[in-house]
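Participant: Structural data only, the sequence is not supplied:
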């Protein structure tokens, strides 16, 4: 009962059995900000402590293949429009930078 009251007091998301759900855990750490300390206490590190390096993505497409795909979906203008938008976005992308 104390646990149930505590979860309610903190306004954390629980299931019908009062078990803490992922959304509740996220809300807790957003409020408390102690995720790094708690992770170290239980021996869980973060990926950025183990992963280092660069990631390079290249997008190449053959115009004939794109034209063929557009012909296949020719009867669906919405899908055709989405494919054209996707190819344009890939073509216009110069750099994607991810930092942690």
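Facilitator: Happy to help now that I have it. If you're wondering where the values come from, they're calculated on a predicted model, not measured in any experiment. Numbers count the residues shown, from 1 in each chain.
Participant: going forward, measure contacts between C-alpha atoms and count neighbours the same way
Facilitator: Fine.
Participant: Excluding chain neighbours, give the residue nearest to residue 13 in space.
Facilitator: residue 24 (4.1 Å; CA to CA, 6 or more residues apart in numbering).
Participant: ranges for the helices of this structure?
Facilitator: 2-10, 22-32, 35-41, 47-50, 63-72, 77-92 (DSSP state H).
Participant: quick one: which of the ones you listed has the weakest pLDDT on average?
Facilitator: Of all the helices of the chain, the minimum mean pLDDT falls on helix 47-50 (a mean of 62).
Participant: Please name whichever of the helices of the chain is nearest to residue 57.
Facilitator: Nearest to residue 57 among the helices of the chain is helix 77-92 (10.7 Å), distances taken as CA to CA.
Participant: Give me the angle between the closest one and helix 63-72.
Facilitator: Angle, helix 77-92 to helix 63-72, by axes from the mean of the first three to the mean of the last three CA atoms, to 10 degrees: 160 degrees.
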